[in-house]
Structures are given as structure tokens and as C-alpha cells.
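In: give the three-dimensional model of this entry:
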Amino acid sequence: MKPRIYLDYAATTPLDERVLAAMQPYFSEIFGNPSSAHFYGQDADAAVEEARSKVAGLLGCSSAEIVFTANGTESDNLALRGVALAMRRLKNANHILISPVEHHAVSHTAMQLAEVFGFDLSYLPVDAHGQVSPQAVKEAIRPNTAVVAAIYANNEIGTINPVADIHQVCQEHSVPFLTDAVQAAAHLPMNQAAAHADLIAIGAHKFYGPKGVGALYVRQGTPILPTQTGGKQEHAMRAGTQNVPYIVGLAEAFSIAQSEGPRHAQRLLALREHLINQVLETIPGAHLTGHAVQRLPNHASFVFEGVNGNTLLMLLDAAGFACSSGSACKTGNPQPSEVLLAMGFAPELALGSLRITLGRATTSEQIEMLLTALPSLVKRARQLNRA
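Out: Predicted structure coming up:
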């Protein structure tokens, strides 16, 4: 039988058994509504607040600055839309400044704010590695800038941005800074993250937690309007009954990821370097995308000359390898990646992208199996592309 090897950990991760065990009681035993005054509600509320305290401690902030959401996308939406609208109402700030390599949760929200709500949207330049420089932010920020957004670690190419330095520039201009840390939280130390941004979005399923829950750090004093109204849950920032078991699961998964992260990162980094070196050596017309060093430890991404990325993905899948052509939210899209285009890749080359992301269960044997199969699969994809 052909192998079934999962190499798409940037898309999602399996639920850690320890996380499932922590969540289990809150499905049926401690099932109360956290907003209820009786002891059933009090028990559920205590679980939510304990999880909030745990997440806050891991990010280096206070519990009052943590808002639980349904996912990283909602966190990004609440942050960008909520701050932009609040800053316009408060200071008549009507300019949004983002990088062109943001996840669609940020870029599409910014586009809607421009197209529907009349904001002036502009994009920061990025270098050939997909990085934003603090100097570029300094040159592009305006007196009427409402919010700046730059992704912490890019989901498509793995490049890590200098968010602490970008935040410093924003602080000097009194402009809130949002960073999407959905990918970063799984692999990078986050204990000082709250010092490096005014708003930080994370999602549990990227670090072996459940799908359907996220969190947003909002620095105290940051102007923000709720974008989901109703009750007063989540510091009146996000109305609706909290998903208690999933919130417990997020906190447990985040705690495990942060405590065990350095050990996993060291092993994954060695596998990643071997993978990148072998692909570049054995496959003609292969190019690494993203920064060679300042990238997530589990992340390898390439473009191949003369290859259609979706064709290559289908061939890999048929051979038993689950990979991606970039963001999981874009798989199947025949258009070249906006991220790669912003980095200066030609459209025809940007169409030939492949993302390979490793995880806790990835073994050196699995990497060797992929390295054995990939050259012939790329060759076959080129033949099909010419046909």
C-alpha cells in the first residue's frame, strides 16, 4: 500500500490527546453557561477565566487583555475592523496600512474597509524574502493612519517579520499595530509577544488544539469597537455564549506548544534544512521562497519552473503525500499567489508553488520518502504542463 504522509501542518494539526482530555469534562459534566449566576454557570465561568489567565501568562499580558473568538480569522477581523472604525470615530484617522503578504483574514478585511467603508488602504513594500522593514513602515505611516498590520510569520513562505521593531515605529506615531501570529504561536516563543504589538491574533488548531476557537490580545487602552454585538461576554468585545470546552482546549494546547516548542523546533529545523538542501540540489529549476534563515522551523516552500502547483499537489496526493501549494485557504485557486507576486516572482513561476510543513509526528524516514518521490513527480508535472 502507498504511504499516507501528512506534510501540511501549517493548514491544521491533529488534536493533542492531552488537550482532548482537558476538554472532555466541559462537554457533559461542567456544561453550564458561563453567564449564568448559579453554580453550574460559575463552574463554567471559572474554567473560562482560568484559561484566559493561562493564555495571558503565556503572552506576557493581563487577563483583561485577552478576548476569546471562534478562530484566528475572527480575531484578525475584530482587530482590524474594530480598531479602524474606532480610530476613525476617535481621531478621524482614515488610513489603513498593511503588508501585501497578509493572510486573507487581514487583506480581505482591509479591502472591505476600503471598498465599503471608505478607508484609504495602502500597502507596505516587502523584499525578495517577503519581509517588511521598519524603515518602510516609518516612510509609509501618516498622521491619519488608523492601524498598521504586518504578519508575524507568513503562512505561505514561513518568513518571520521583525514585529518588535515595527511596533516601535508604530508606537512613535501613536498608531495601533496588529500582527497575525496564527502560524508563529505554534513554533516561536510568545512569552514577550504582548510587548511587540498592540493586537495579536492566534488560532488553536495550528498548535494541536481544536478547530473553531481563537484568541485576540488587545493592549489596554487600544481603541476598538466590537464587531459582534449582543451580550457583554469577553469584556463586551465579542458577544455570544463562550465555547467553554474549546477555550479550555486552546489554553491547554497553547501551554503545551510553548513549553515543548523549543525541543520540537530543534528537531524540525534539522529536518527542514535537510529537506530544503536536497530539493534545491536534486531538482533543476527549484527555488526556495521566503527567508533562508528567518523562517518558521517547520516550514519549507518552493517554486518550480514549468510546473503547475495544483497538478503537482494532485500527483503528490496520489503518491500518498499531503502537501499544499500555499495557504490552505487558497488551495485549488488557479491564480498565482499574491504573496509571491509581491515578492517579485513572475506570474508563471508563482503558479508552481509547493509548501511542505512538518509537525510533531514527522519523521526523517517520511522526509526521505518524499525526497525520493519528489524529483520524478516534478518531472511528471512539467510534462503534463507542456502537454
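
In: give me the element the residue nearest to residue 196 when sequence neighbours are not counted is part of.
Out: Leaving aside its sequence neighbours, residue 196 sits nearest to residue 164 (Cβ to Cβ, 6 or more residues apart in numbering; 4.2 Å). C-beta: built from backbone N, CA, C; applies to glycine. Residue 164 belongs to helix 163-172 when assigned by DSSP states H and E.

In: which residues sit against that helix?
Out: Residues from elsewhere that reach helix 163-172 (Cβ atoms under 8 Å, 6 or more residues apart in numbering): 132, 134, 137-138, 141, 148, 150, 152, 176-177, 179, 195-198.

In: need the next SSE after it, C-terminal direction.
Out: Next in sequence after helix 163-172, counting helices and strands by DSSP H and E, comes strand 177-180.

In: for that following strand, C-alpha coordinates in PDB please.
Out: Extracted in PDB, the C-alpha atoms of strand 177-180 (Å, rounded to 0.1, in the frame of the first residue of the first chain):
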ATOM      1  CA  PHE A 177      -0.200  47.700  15.400                       C
ATOM      2  CA  LEU A 178      -1.800  44.300  14.600                       C
ATOM      3  CA  THR A 179       0.200  41.200  14.000                       C
ATOM      4  CA  ASP A 180      -1.400  37.900  12.800                       C
END
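
In: now do that strand, average pLDDT.
Out: Mean per-residue pLDDT for strand 177-180: 98.

In: what pairs with it, parallel or antiparallel?
Out: Sheet pairing for strand 177-180, assigned by DSSP bridges, gives strand 145-149 (parallel), strand 199-203 (parallel).

In: okay, domains of the chain per the record?
Out: Per automatic domain parsing, the structural domains of the chain span 5-13+261-386, 17-257.

In: make sure residue 216 is indeed in a strand.
Out: Yes - assigned with DSSP: H, G, I helix; E, B strand; the rest coil, residue 216 falls within a strand.

In: how close does it get to residue 321?
Out: Using Cβ to Cβ, to the nearest Å, residue 216 is found at 34 Å from residue 321.

In: compare the two (neighbour count), which wins?
Out: Neighbours per residue (other Cβ atoms under 10 Å) separate residue 216 from residue 321, with residue 216 holding more: 26 against 23.

In: with adjacent residues omitted, what lies nearest to that one?
Out: residue 75 (3.9 Å).

In: what about that neighbour, how many neighbours?
Out: Residue 75 has 29 nearby residues by other Cβ under 10 Å.

In: same check on residue 335?
Out: Neighbours of residue 335 under the rule other Cβ under 10 Å: 10.

In: ditto for residue 296
Out: Neighbourhood size, residue 296 [other Cβ under 10 Å]: 30.

In: the closest residue in space to residue 121 that isn't next to it in sequence: what's it in contact with?
Out: Closest residue to residue 121 apart from its sequence neighbours, by Cβ to Cβ, 6+ apart: residue 114 at 3.9 Å. By Cβ under 8 Å, 6+ apart, residue 114 lies in contact with 96, 120, 121.

In: which strands and helices sit next to the longest helix anywhere in the chain?
Out: Scanning the chain for the helix with the most residues, using DSSP state H, yields helix 244-282. Judged by 3 or more Cβ pairs under 8 Å, 6 or more residues apart in numbering; DSSP states H and E, helix 244-282 is in contact with helix 17-23, helix 25-28, helix 39-59, strand 286-288, strand 299-304, helix 364-386.

In: still on that earlier bit, looking at the domains of the chain, which is buried most?
Out: domain 17-257 (a mean of 20; mean count of other Cβ atoms under 10 Å).

In: got the end-to-end distance for that domain?
Out: Terminal residues of domain 17-257 are spaced 13 Å apart (Cα to Cα, to the nearest Å).

In: low-confidence ranges in the stretch 201-350 of the chain?
Out: Where the stretch 201-350 of the chain drops to pLDDT under 70, the residues are 327-334.

In: still on that earlier bit, reformat the helices and strands packed on helix 244-282 as TSV; add distance to residue 280.
Out: Shown next, in TSV, are the helices and strands packed on helix 244-282 (distance: least, Cβ to Cβ, whole Å):
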stretch	distance to residue 280
helix 17-23	36
helix 25-28	47
helix 39-59	36
strand 286-288	6
strand 299-304	8
helix 364-386	11
